[in-house]
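Trainee: Need coordinates for the below:
(one chain, ligands or ions: 1)
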Amino acid sequence: MPLSESGVREHLRGVAAGLLTPFDDELVIEHEKIEENANTLYDAGIRTFLAAANISEYHSLSQTERIAVTETAVDALPSDACILAGVGGSTSDAQELVRAYDRVGADAMMIMPPDHSYIHERGLIRYYEKLDAESEAPLVPYVKGFDPSVGYLRDLAGVDGVVGVKYAIEDAVKLGAAASSTPEDVVWVDGLAEPFAVSFWNEGIEGFSAGVSNFRPEVGLELFDALTDGDWDRARRIRNICLPYQDFRDESGEDNTLQGAISISAVKKGLELAGMHGGPVREPIQPLSPTDERRAEELYAQLDDDIARILD
Ligand SMILES: N[C@@H](CC=O)C(=O)O
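Mentor: Okay, the predicted model is just below:
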């Protein structure tokens, strides 16, 4: 039985971990590994999960695969977990996903950033309204990759069915202006993970998506507690230990100039180093180069030491 709207809001006030999509060597999805990763994260205390979403390699999955991995997550996790499923593409494809996720029991829809060369703020609002009309499920639009106005963000938060906004723009002032002018029951979520959690908290976020916490969930949970307690010193110390691995994720990797290209490969490597399932990535992403694999191992070892020093 999916969570109520207020239940989804409550879960957004926390740490949302991505369920990455493990593939075998032929790049076929390994569902049992999704299940195992989900259970490991749940046992560590994570209650909010993003399935078939951003770092699940949403864009490399077919519609059928998106529905199947979401169903795997719903079946694997206890009923007090909140599963937000990634929705995107043309209005009709997105509506098809919303209906299918409803059928398999997802709790809410994580609406992916628009994947279009030309977008209009009013057209986007219309898109969310049409998705909202498709189901009772709460919507959480993911704002990333474009720079909308505060007015747009305010109207977005006002769309019926929108219970939260995942904000992933490196502009804390805009976040503050938008969050302070929207209804209190809309939950603003930091979509840029631990590095932005402290500054965004002061501008109105009540939860954040995981970065290194995707594979070391204790970091995000402790950071969340420190933020909730208003213990800024501790929050900054915890945030700081996340930065080296998160900065590594932002790099372009070898033989490429595009920033962030290794981001998902680096999280998959982190999952493996933490004893969970990572594995290969699908194109257009590339695996880590051997040099970057070694760097990931060094950075993970540093993170591990820092966790022992700061958290234990
Ligand atoms: N927090 C994620 C983005 C969310 O889906 C990341 O670190 O990439």
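Trainee: Could you use CA atoms for every contact and neighbour count after this?
Mentor: Will do.
Trainee: Contact residues of the stretch 1-150 of the chain facing the ligand?
Mentor: Within the stretch 1-150 of the chain, the residues that sit near the ligand (CA under 6 Å from any ligand atom) are 54-55.
Trainee: Where does pLDDT dip in the stretch 1-150 of the chain?
Mentor: Along the stretch 1-150 of the chain, no part satisfies pLDDT under 70.
Trainee: Show me what residue of it gets nearest to the ligand.
Mentor: residue 54 (4.7 Å; CA to the nearest ligand atom).
Trainee: Give me the distance between that residue and residue 191.
Mentor: Distance, residue 54 to residue 191, by CA to CA, to the nearest Å: 10 Å.
Trainee: Regarding residue 165, what is its secondary structure?
Mentor: Three-state call for residue 165 (DSSP: H, G, I helix; E, B strand; the rest coil): strand.
Trainee: before we move on, back to that, who touches the residue of the stretch 1-150 of the chain closest to the ligand in this structure?
Mentor: 18, 86, 112 (CA atoms under 8 Å, 6 or more residues apart in numbering).
Trainee: How about residue 213?
Mentor: For residue 213, counting by CA under 8 Å, 6+ apart, the contacting residues are 17, 219-220.
Trainee: Then residue 144?
Mentor: With CA under 8 Å, 6+ apart, residue 144 has these contacts: 113, 167-169.
Trainee: and what of residue 219?
Mentor: 212-213, 238, 307, 311.
Trainee: Skipping adjacent residues, who's closest to residue 187 in space?
Mentor: In space, not counting the residues next to it along the chain, residue 187 is nearest to residue 164; the distance is 4.3 Å by CA to CA, 6 or more residues apart in numbering.
Trainee: interface residues of the stretch 201-312 of the chain facing the ligand?
Mentor: 209-211.
Trainee: Of these, which belong to strands?
Mentor: Residues from those lying in strands, with DSSP state E as the criterion: residue 209.
Trainee: Tell me which stretches of this protein form helices.
Mentor: Taking DSSP state H as the criterion, the chain contains helices spanning 5-12, 31-43, 63-76, 91-104, 121-134, 150-157, 172-179, 194-201, 217-229, 232-249, 263-273, 290-310.
Trainee: Can you point out the buried residues in the fifth one?
Mentor: Spelled out, that is helix 121-134. By neighbour count on 16 or more other CA atoms under 10 Å, the buried set for helix 121-134 is 125, 127-129, 131-132.
Trainee: ok and it relative to helix 150-157, angle-wise?
Mentor: Between the axis of helix 121-134 and that of helix 150-157 there is an angle of 10 degrees, by axes from the mean of the first three to the mean of the last three CA atoms, to 10 degrees.
Trainee: you'd agree residue 154 is up against residue 184?
Mentor: No: counting by CA atoms under 8 Å, residue 154 stays clear of residue 184, with 11.8 Å between them.
Trainee: out of these two, which sits in the busier spot?
Mentor: Between residue 154 and residue 184, counting by other CA atoms under 10 Å, residue 154 is the more crowded of the two (17 against 10).
Trainee: residues contacting that one?
Mentor: Per CA under 8 Å, 6+ apart, neighbours of residue 154: 178-179, 181-182.
Trainee: Look up how far residue 202 lies from it.
Mentor: Noted for residue 154: a distance of 18 Å to residue 202, by CA to CA.
Trainee: What of residue 260?
Mentor: From residue 260 to residue 202 the distance is 26 Å (CA to CA).
Trainee: now residue 185
Mentor: For residue 185 relative to residue 202 (CA to CA), the value is 17 Å.
Trainee: for residue 282, same thing?
Mentor: In terms of CA to CA, residue 282 sits 37 Å off from residue 202.
Trainee: In stretch 257-271, which residues are buried?
Mentor: By 16+ other CA under 10 Å, the buried positions in stretch 257-271 come out as 260-271.
Trainee: Take those and lay them out in CSV including pLDDT.
Mentor: Shown next, in CSV, are those (pLDDT from 0 to 100):
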residue, pLDDT
260, 98
261, 98
262, 98
263, 98
264, 98
265, 98
266, 98
267, 98
268, 98
269, 98
270, 98
271, 98
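Trainee: returning to what we had before: any of the residues of the stretch 201-312 of the chain next to the ligand buried? List them.
Mentor: 209-211.
Trainee: Among residue 282 and residue 202, which residue is more densely surrounded?
Mentor: residue 282 (18 against 14).
Trainee: ok now do the more buried one, which residues does it touch?
Mentor: 27, 57, 60.
Trainee: In contact with the second one, which residues?
Mentor: This means residue 57. So residue 57 contacts 20-21, 264, 282 (CA under 8 Å, 6+ apart).
Trainee: of those, closest to residue 148?
Mentor: Closest approach between the contacts of residue 57 and residue 148, by CA to CA: residue 264, at 25.5 Å.
Trainee: The closest one touches residue 55, doesn't it?
Mentor: Yes: with contact defined as CA under 8 Å, residue 264 counts as touching residue 55 (6.1 Å).
Trainee: Pick out the residue of the stretch 201-312 of the chain closest to the ligand.
Mentor: For the stretch 201-312 of the chain, CA to the nearest ligand atom, closest residue to the ligand: residue 211, 3.8 Å.
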